[in-house]
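Asks: Next one to model:
(chains A and B)
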Amino acid sequence: MHGRAKAGVRLFSNRSARLGGAVIAALLAFALLGPFAARHGPLESDFVHGLGADGVPVGPSADFPLGADRLLRDEFARLAYAGRVSLFIAVLATLIATALGALVGIVSGWFEGARARVPWAVLAGVAGAIAALAEGRAGLAVLVIVAAGLVAVRRPSGPLLDVDGWLMRLADVLLAFPFLLLVMAIGASLDRTTAVTIFLTLGATGWLGIARVLRAKTMQVRSLGYVEASRALGQSTAWVMLKHVLPNVAGPLIVTATVLVAQMIIADSVLSYLGVGISPPTPTWGRMLFEGADDYLVAPWLVAAPAGAILLAVWGFNMLGEGLRDALDPRDA
Amino acid sequence: MRWIRATRRGPRRGDGAMRASLAPALLLAVAALGCHTSLSPPIPAEHGDDAPPRRGGTLRLATFKDIRGLDPAGPTEGVANQAIHAIFAGLVDFDDRGRVVPDLADRWEIAEGGRVYRFTLHEGVRMHDGEELTADDVKRSVERALHKTTPDPSASYFEGIAGYAAYAEGTAEHLDGVVVEGRYVVTFRLEEPDATFLSVLAGPTLRPVCRSAGDRYVDTWQPCGAGPFKLAPGGWRRGASLRLVRHDGYFRAGLPYLDAVEWTYNMQQLTQRFRFEAGELDFLHEISQADQTRFAGDPRWRPFGSTDADTTLYGESMNTTMPPFDNVEVRRAVAAAIDREHYRLLKPAYVTPLDQPIPPGIPGYASDDVRCRRGQRYDYAAALEHMRKAGFPYDPATGRGGWPYPIDYVVYDQGLLIYTAQLLQQELAKIGLRIELRLVSWQTFLTLQHRRGGAAMSPGNWAMDYPDPSSFFEPLFTTRAIGPESTDNTAFYSNPRFDDLVARARGELDETQREALYREAGAILCDEAPWAFTFSYHFVSERQPYVRGPLQHPVWYVDPTRTWIDRSDRLAEPPAGSESP
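Replies: Residues are numbered from 1 along each chain as shown, chains lettered A, B, ... in the order given. Have a look, this model is predicted:
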């Protein structure tokens, strides 16, 4: 049987993966379909039916399956809508972090112990992107990086640098700050927080672990025979990295990225809970947890619902990651 | 369960991790199910109601807000004023019913038809630095507070003092209207009679400060006054806490009873409630609606709860210099679009819907027959009509029209206002105004709201400085309240007719005439709507039973001068003057 097919079989036979996958699928279905099933919009207060006879928001009922929040909004509709927001942010942030981490890890591992010529255009591009990000212009930063890459292909001249040393020292500096603290500091410094700024912030700070893992893996892969052969045939470094290194490090990359989604969900929830996440009234699970906290003794479902969603999502992605690790690493199976 | 049985057949990697990750989930679920729903019992006092006060102990208070400074001449707000009142005594003060009474001044005389106020100081008053308070100190403190370099946005209260204009412009070296007539006698001369002068004087701004304060305001000065408490060494940890200790030389013998008072700032409401229940806070002033319901419903706690009068005004402040609120019709539309009853539902025990600029607890609050007749009432059809007149017609059926751009609403993420902000979003969306919330810290909120062009719209709230309509009208809505750097007129509202009415009311000594002038001024505010007035607010408080003596105050919220602790275990604490850990 082909290696990938074998991995697929192992994945489906793994209980953790099945359970984690099922939980995630259920949450995704809830997030996508829940708002359609709810009788109220997630942002609308119902001043007629949302208030009980005792003058407090109604509890769970057919009309409000998870009760009404303090603003007399449908907690069920908000929970589902918040699922879209929270999962969207977590997945996008993970994609960004994974791409950054893979790039840094593979480049760093490949050039470990050697100096490499870094095109002036790349150095200028990095400086420009940092300046653009400091101004809060993420789109401009991406454009600068792309433009710098195109220029670098045509004009590869530049200084010889210890690329691995520079990249890993940068990672060391960032790793010195606790992840959540770093994210909170950036979140608090932003003038206005939207879904875009949140997933960019999380993505830009969440790549460190992946970079470390892939650097080590790349150092193993670069000395394999077919990689050496590919270099001997004169193929470019970028081509070898893309064609031979990346597929060989994909396993740990996928596993780490899956577990990272869980971390991103927690990070997004913490940001929202502390008031530096997406601004209200857009619901997120962390924000709902914060808003329900005041009333948790009289309306515990307002806390239990978002807390349960966070718990399930984090648990699901961790389980799936475990399953993937087992499936993609046949030596330990 | 199937996966649990599987573990008995032998270890599997995924299963082990699954159990490990489920453990916290189960713990959390058990904790959620097991959390008790009843309040902890109050911590009783040791003695009966007629017991004499005991000295010692530290009173521990908390708020989710923060303070910007402790200099009475500088920009202050309600939270800071609690501490400023404790540190700095005034010539006069407010008693527990909001009436002006003598304090550092033993007595005063009013002469020349209300143009001259002559104060005779209490002899032998010691400031925190040990120096005796004299009339020179009073004059120096007043000149320091009113100097043009002092960034006090409420300086407009004092424009009636003779020579103020020349002094404020810098053409006069001294303020002529404040005259030292002896070591213990100081006279204030006013340009015109001023019915509010004593009330204004009882506020924080002109309270005497130690000579270390110098002649000019500097924001690095260590607060030092003649109040019952003084700042402990290193006692103000910015953004965190404040510790005041007893001033042993306080001129009222035997007072205060407490060794110290501590405020913790930036503490979330929920944290306050837990710490109060655990006996780690002695007084709870910021209680959520849910907790208030629980305290009020518990017979053990009911005797220790109290409700203040409605003296705080809330509204939606619209910056009249920024679009779209430079258009009076848009402001009128906002005022008519808000259903105040919806605000009340957020916190029924605290909120009273309001359709006028004076809260019910303030003299001058208009009864049903004379309140604002137009403007500040929910009328959806009228709101749509105002939008049409403004040039931004909105069709609710199609959702088309309205102001085409989002409007920034600056707000901080604590307490009631973050919820009223979301309600406002819903209400204004129905007339074609899109509000985007901009969540900022308390400090940033104050900075933006009080700076020209800083916020197009923001929640307005104002706690009285003294119980009189002028305490609301003058700082919030008069042209002269707009300072070059900072202002409490957050709407930057300017109307000469309104200014004239308020000025005339201030000089009017006849109560009936004053009330009529203020009513007319209030009607202008209702109609032109620099704020959409939404509700008044009264605090509900809980105290532990061992906190004895008066504590709540109608102006200062808390006044711990005569408060004492009736628990021996709480009196055996670090001596006064020691730093907080």
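
Asks: Could you tell me how many residues sit around the closest residue to chain B within the stretch 1-150 of chain A?
Replies: Closest to chain B within the stretch 1-150 of chain A is A:Ser16: 3.0 Å, counting by Cβ to the nearest Cβ. To be clear about C-beta, it is placed using only N, CA and C from the backbone, and glycine gets the same treatment. Neighbour count of A:Ser16, defined by other Cβ atoms under 10 Å in any protein chain shown: 27.

Asks: and what of B:Thr196?
Replies: That count, for B:Thr196 with other Cβ under 10 Å as the rule, works out to 20.

Asks: likewise B:Leu244?
Replies: Neighbours of B:Leu244 using other Cβ under 10 Å come to 29.

Asks: Just the strands from chain A, written as ranges.
Replies: Along chain A, counting by DSSP state E, strands occupy A:116-117, A:160-161.

Asks: which non-adjacent residue is nearest the spatially most central residue of chain B?
Replies: The geometric centre of chain B, computed from its C-alpha atoms, lies nearest to B:Gly78 (Cα atoms, centre = their mean), at 2.8 Å. Using Cβ to Cβ, 6 or more residues apart in numbering or on different chains and skipping residues adjacent in sequence, the residue nearest B:Gly78 is B:Ala463, 4.6 Å away.

Asks: you'd agree B:Arg243 is up against B:Ala232?
Replies: Yes. B:Arg243 lies in contact with B:Ala232 (Cβ atoms under 8 Å); the separation is 4.4 Å.

Asks: Give the residue from these two that has the larger number of neighbours.
Replies: Using other Cβ under 10 Å, the more surrounded residue of B:Arg243 and B:Ala232 is B:Arg243, with 25 against 20.

Asks: Quick check: closest non-adjacent residue to the more buried one.
Replies: B:Gly235 (3.9 Å).

Asks: Go ahead and report the secondary structure state at that neighbour.
Replies: strand (DSSP: H, G, I helix; E, B strand; the rest coil).

Asks: one step back: thought A:Leu324 was touching the residue of the stretch 1-150 of chain A closest to chain B, still the case?
Replies: No. Between A:Ser16 and A:Leu324 there is no contact under Cβ under 8 Å: 9.0 Å.

Asks: Verify the contact between B:Glu508 and B:Thr196 for me.
Replies: No. Look at B:Glu508 against B:Thr196 with Cβ under 8 Å: they stay out of range, at 10.3 Å.

Asks: hmm, back to that, could you measure from the residue nearest to B:Arg243 over to A:Ser279?
Replies: Noted for B:Gly235: a distance of 36 Å to A:Ser279, by Cβ to Cβ, to the nearest Å.

Asks: B:Ala105 now?
Replies: Taken as Cβ to Cβ, the span from B:Ala105 to A:Ser279 is 50 Å.

Asks: just A:Gly316 next, same as before
Replies: From A:Gly316 to A:Ser279 the distance is 28 Å (Cβ to Cβ).

Asks: Counting neighbours around each, name which of those two comes out higher.
Replies: Each of A:Gly316 and A:Ser279 has its neighbours counted (other Cβ under 10 Å); A:Gly316 has more, 25 against 22.

Asks: Which helix or which strand is home to the closest residue to B:Phe188 other than its chain neighbours?
Replies: Nearest non-adjacent residue to B:Phe188, counting by Cβ to Cβ, 6+ apart: B:Tyr117, 4.6 Å away. Using DSSP states H and E, B:Tyr117 falls within strand B:116-121.

Asks: In space, what's closest to B:Ala382 - neighbours in sequence excluded?
Replies: B:Ala336 (4.5 Å).

Asks: What's the local residue count around the one you found?
Replies: Using other Cβ under 10 Å, B:Ala336 has 25 other residues around it.

Asks: residue contacts, it?
Replies: Going by Cβ atoms under 8 Å, 6 or more residues apart in numbering or on different chains, B:Ala336 touches B:375, B:377-380, B:382-383, B:386.

Asks: per-residue pLDDT, it?
Replies: pLDDT for B:Ala336: 96.

Asks: what does A:Leu190 give?
Replies: Confidence for A:Leu190, expressed as pLDDT, is 69.

Asks: Wait, a strand at B:Arg60?
Replies: Yes. B:Arg60: assigned to a strand according to three-state DSSP.

Asks: contacting residues around it?
Replies: B:262, B:264, B:280-283.

Asks: nearest residue to B:Ala165 other than its sequence neighbours?
Replies: B:Glu159 (7.4 Å).

Asks: how many other residues sit next to the one you found?
Replies: 17.

Asks: show me what contacts it?
Replies: Per Cβ under 8 Å, 6+ apart, neighbours of B:Glu159: B:165, B:168, B:480.

Asks: ok, the first one to chain A distance?
Replies: Okay, so that is B:Ala165. 40 Å (Cβ to the nearest Cβ, to the nearest Å).

Asks: Neighbouring strands of the strand holding B:Tyr117 in the sheet, and parallel or not?
Replies: Paired neighbours of strand B:116-121 in the sheet (DSSP bridges): strand B:105-111 (antiparallel), strand B:185-189 (antiparallel).

Asks: where exactly do the helices run in the stretch 201-350 of chain B?
Replies: Using DSSP state H, counting those that start in this stretch, the helices of the stretch 201-350 of chain B run over B:269-277, B:289-297, B:328-337, B:340-346.

Asks: Turn those into a markdown table, columns for distance to A:Ile186.
Replies: Shown next, in a markdown table, are the helices of the stretch 201-350 of chain B (distance: least, Cβ to Cβ, whole Å):
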| stretch | distance to A:Ile186 |
| --- | --- |
| helix B:269-277 | 25 |
| helix B:289-297 | 33 |
| helix B:328-337 | 35 |
| helix B:340-346 | 32 |
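
Asks: Please work out which of the strands paired with strand B:116-121 is packed deepest.
Replies: Across the strands paired with strand B:116-121, averaging neighbours per residue (mean count of other Cβ atoms under 10 Å in any protein chain shown) puts strand B:185-189 on top, at a mean of 21.

Asks: how far is that strand from where the chain is centred?
Replies: 30 Å (Cα atoms, centre = their mean, to the nearest Å).
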